[in-house]
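Chemist: sharing a model that was predicted from the sequence below.
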There are 2 protein chains.
Amino acid sequence: MENIIFDFISRYITLTESEEKEFMKLNTFKSFRKGTLLLKEGELSDKCYFILKGCLRSFYIIDGEEKTTEFYTELEGINPHCVVDKKPSRHYIACVEDCILTIGTPEMEAVMFEKFPKFEILFRKLSEELLAKSQTSFDDYKTSSPEQRYLNLQKSRPDLIQRVPQYQLASFLGIKPPSLSRIRARILEKEKS
Amino acid sequence: MENIIFDFISRYITLTESEEKEFMKLNTFKSFRKGTLLLKEGELSDKCYFILKGCLRSFYIIDGEEKTTEFYTELEGINPHCVVDKKPSRHYIACVEDCILTIGTPEMEAVMFEKFPKFEILFRKLSEELLAKSQTSFDDYKTSSPEQRYLNLQKSRPDLIQRVPQYQLASFLGIKPPSLSRIRARILEKEKS
């Protein structure tokens, strides 16, 4: 697992061997079983996650109904907005699969920034990238029909379609499961003709 | 204008007087007339903006129709995703009002980070905040009806409703102008009764 994280970090900054060792001492790797709830509505949390293996899902419960807003997979990070806002969470985060995660808190970040100021650069670049990605996804969602959203997903995150339950995928696309079935049938029909 | 920007920066980091002077030498303030297009579809740009006065709008043109995806007002920053992705822009950015902006580029950032490493901290914190905001907005959009979206906007950004043309506001809420009129009438009716 160390190799995965250090390969990832090396895309942004260069760590020396001793820095890598120091980082490992922070012991941030944790395993979670499929179905584990990492965050609940109303909870005050200070934890952010980076996924080494597995899939996480963010969802809201509104009028008793789950609304899936995001999926996160390998080499993606989540800094839940309640951590930044310091307010109780309005949503849930659950493990869709067995997961291996790196967990951080603002306190650990402070220690890291103190020890390795270059982590400021890493976190700035990561946040900028995540922001650009979040904005693009939001824009795509606003400017696309549900069918286009599905086609975009097929192109940009084909693995997701196989990995997550269909009712969660439908909710993520802003539609009901029967509509997702119809969209799929329509696309299959077009591909055949 | 300097005071506005230094007051804002002081929320995140402390600058000395000489650092403030150095910053002013970068001469990043620019004025733009209402209607100016700062970014066009297909353009490669390296400019990010911070709004000292005025209102900017991000929009797409899809099948000849404008789709407004975001408004930005005083003390908000925009790092268009094309700048991070280094790909041609897929959207437009226009001045909804006369604007005074601070403009940055990755080159200027690099100079600033070199001169004042603490700007790394500022930019990291800003990006983290913007990311949390973008995610919250996206989640709200996905989990709300158009009427709820309007009510949320009334609460969170009441000025916007007065400042921007109604067809742009409707598009931003994901509806047609007649639907916006109906929503408003319905809310007014409820407030009366």
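Modeler: Arrived safely, thanks for sending.
Chemist: who in chain A is up against chain B?
Modeler: Residues of chain A lying close to chain B (C-beta under 8 Å from any C-beta of the partner chain) are A:58, A:60, A:62, A:67, A:69-70, A:79, A:81, A:83-85, A:90-91, A:113, A:117, A:120-121, A:123-124, A:127-139, A:141-143, A:174. C-beta: built from backbone N, CA, C; applies to glycine.
Chemist: now those: which count as buried?
Modeler: A:58, A:60, A:67, A:69-70, A:79, A:81, A:83-84, A:90-91, A:113, A:120-121, A:123-124, A:127-139, A:141-143, A:174 (16 or more other C-beta atoms under 10 Å in any protein chain shown).
Chemist: so which of those sit within strands?
Modeler: A:Ser58, A:Tyr60, A:Lys67, A:Thr69, A:Glu70 (DSSP state E).
Chemist: show the low-confidence segments of chain A, by residue range.
Modeler: Applying pLDDT under 70 to chain A flags no residue at all.
Chemist: check contacts around the residue nearest the centre of it.
Modeler: Centroid-nearest residue in chain A, with C-alpha atoms, centre = their mean: A:Tyr72, separated by 2.6 Å. A:Tyr72 makes contact with A:Tyr49, A:Ile51, A:Cys55, A:Leu56, A:Arg57, A:Ser58, A:Ile78, according to C-beta atoms under 8 Å, 6 or more residues apart in numbering or on different chains.
Chemist: also A:Phe23?
Modeler: A:Leu15, A:Met112, A:Phe116.
Chemist: and it, which helix or strand is it part of?
Modeler: If you go by DSSP states H and E, A:Phe23 is part of helix A:17-25.
Chemist: run the chain-centre distance for stretch A:25-36.
Modeler: Distance of stretch A:25-36 from the chain centroid (C-alpha atoms, centre = their mean, to the nearest Å) equals 15 Å.
Chemist: list the buried ones in that stretch?
Modeler: A:Thr28, A:Phe32.
Chemist: and chain A, what are its domains?
Modeler: Using automatic domain parsing, the domain parsing of chain A gives A:2-142, A:144-193.
Chemist: so A:Tyr12 makes contact with A:Lys125?
Modeler: Yes: judged on C-beta atoms under 8 Å, A:Tyr12 makes contact with A:Lys125 at a distance of 5.0 Å.
Chemist: who's more crowded, those two?
Modeler: A:Lys125 (18 against 15; other C-beta atoms under 10 Å in any protein chain shown).
Chemist: what is the burial count for the closest residue to A:Phe116 other than its chain neighbours?
Modeler: Leaving out its chain neighbours, the residue that sits closest to A:Phe116 by C-beta to C-beta, 6 or more residues apart in numbering or on different chains is A:Glu19, at 5.8 Å. By other C-beta under 10 Å, the residues close to A:Glu19 number 17.
Chemist: from A:Phe6, how far out is A:Glu19?
Modeler: Separation of A:Glu19 from A:Phe6 (C-beta to C-beta, to the nearest Å) stands at 10 Å.
Chemist: same question, A:Lys25
Modeler: 14 Å.
Chemist: before we move on, back to that, let me have the domains of chain A in CSV, extended by distance to B:Ser45.
Modeler: Below are the domains of chain A laid out as CSV (distance: least, C-beta to C-beta, whole Å):
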stretch, distance to B:Ser45
domain A:2-142, 13
domain A:144-193, 23
